[in-house]
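> Kindly generate the corresponding structure for this input.
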Amino acid sequence: MKWYYAEGGKQIGPVEESALDDLVRQGTVRDDTLVWREGMAAWQRHSAVRGPSPGSPPPPAPPPAPAIDLQPSYTQPSYSQPTYPQGSQAVGGARRFGGFWIRFLARLIDNLLLGIALCILIVPLAIMGGGLGFLAANRPESVDITTVGLPIVSIILLTILVPALYEIYFVSTRAATPGKLALGLKIIRADGAPITTGLAVGRFFAYLLTSLIPLAIGFIIAGFDREKRAVHDHICGTRVVYTR
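Coordinates of the predicted model:
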């Protein structure tokens, strides 16, 4: 069996076991000398592997155990970085909030799309209403007065319902209207969670309330808020963030 031993910070060997015994007798290898052979996981003291050398002094007594401090000690708690659902960005420098102007441009895109949709739906009703009004003025006996008012009522309802359905559907299913999606924006809750249908409904009516505030202050406030929130974002606890 071949052994290695450490001396002066250097590895010496291999030596046969009989030669190692000679080194022990000569005092070259002592009880605290580190030794190693094939099959050992790590270097160990000679006395731990092959027993104490003949005539070596007994090992020193272990030092007395330190006194136990019964006074409770304070440990500084550690804080871990919060996590957010996939697709949202971390709070701090990583999450980028959509400001006033980018949201204004997104709203222009949405209004353009809504204008096209409303024109497609309302123009035929307006033509129908105009024709019924002409008949009512020239041949009142041929047209029921309630029929004349139907196109007007339909136009009013479409003007309210189409924007509501547009906003609620896209916000609850895509987390953003087409205008925001086109500009790389999405709507999230404060904890990064997506928008539910109920919250999308509430946010739409909060948006209508914001529209009634004079001088558009409800929207302008987004330019001064730390998280770029408009009044309806404050009411519903939502944020508009960049998706990339």
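
> Let me see the backbone angles for residue 228.
Per-residue torsions, residue 228: phi 60, psi 40 (degrees, to the nearest 10).

> what pairs with the closest residue to it other than its chain neighbours across the strands?
Excluding its sequence neighbours, the residue lying closest to residue 228 (Cβ to Cβ, 6 or more residues apart in numbering) is residue 97, at 4.0 Å. No exception for glycine: its C-beta is placed from N, CA and C like everyone else's. Beta-bridge pairing of residue 97 under DSSP bridges involves residue 241.

> what's in contact with the strand or helix carrying residue 179?
Assessed by DSSP states H and E, residue 179 sits inside helix 178-182. For helix 178-182, contacts defined as Cβ atoms under 8 Å, 6 or more residues apart in numbering pick out 98, 103, 105-110, 113, 170, 174, 186-187, 240.

> now the residues you listed as JSON lines including distance to residue 209?
As requested, the contacts of helix 178-182 are exported to JSON lines (distance: Cβ to Cβ, whole Å):
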{"residue": "98", "distance to residue 209": "20"}
{"residue": "103", "distance to residue 209": "17"}
{"residue": "105", "distance to residue 209": "22"}
{"residue": "106", "distance to residue 209": "19"}
{"residue": "107", "distance to residue 209": "16"}
{"residue": "108", "distance to residue 209": "21"}
{"residue": "109", "distance to residue 209": "22"}
{"residue": "110", "distance to residue 209": "18"}
{"residue": "113", "distance to residue 209": "23"}
{"residue": "170", "distance to residue 209": "20"}
{"residue": "174", "distance to residue 209": "23"}
{"residue": "186", "distance to residue 209": "22"}
{"residue": "187", "distance to residue 209": "17"}
{"residue": "240", "distance to residue 209": "17"}
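
> quick one: low-confidence parts of this structure?
Counting by pLDDT under 70, the chain has low-confidence residues at 54-94, 132-148.

> Could you list the domains of it?
What automatic domain parsing lists as the domains of the chain is 2-50, 100-242.

> Make JSON lines from those and add mean neighbour count to it.
Shown next, in JSON lines, are these (neighbours: other Cβ atoms under 10 Å):
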{"stretch": "domain 2-50", "mean neighbour count": "14"}
{"stretch": "domain 100-242", "mean neighbour count": "16"}
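
> Return the distance of the helix holding residue 179 from the chain's centre.
21 Å (Cα atoms, centre = their mean, to the nearest Å).

> okay, the helix or strand following that helix in CSV with CA atoms only?
As assigned by DSSP H and E, the chain's next helix or strand after helix 178-182 is strand 185-189. The C-alpha coordinates for strand 185-189 follow below in CSV (Å, rounded to 0.1, in the frame of the first residue of the first chain):
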residue,chain,number,x,y,z
LEU,A,185,-48.9,48.5,-23.8
LYS,A,186,-51.1,46.4,-21.5
ILE,A,187,-53.3,46.9,-18.4
ILE,A,188,-52.5,45.0,-15.2
ARG,A,189,-53.5,45.2,-11.5
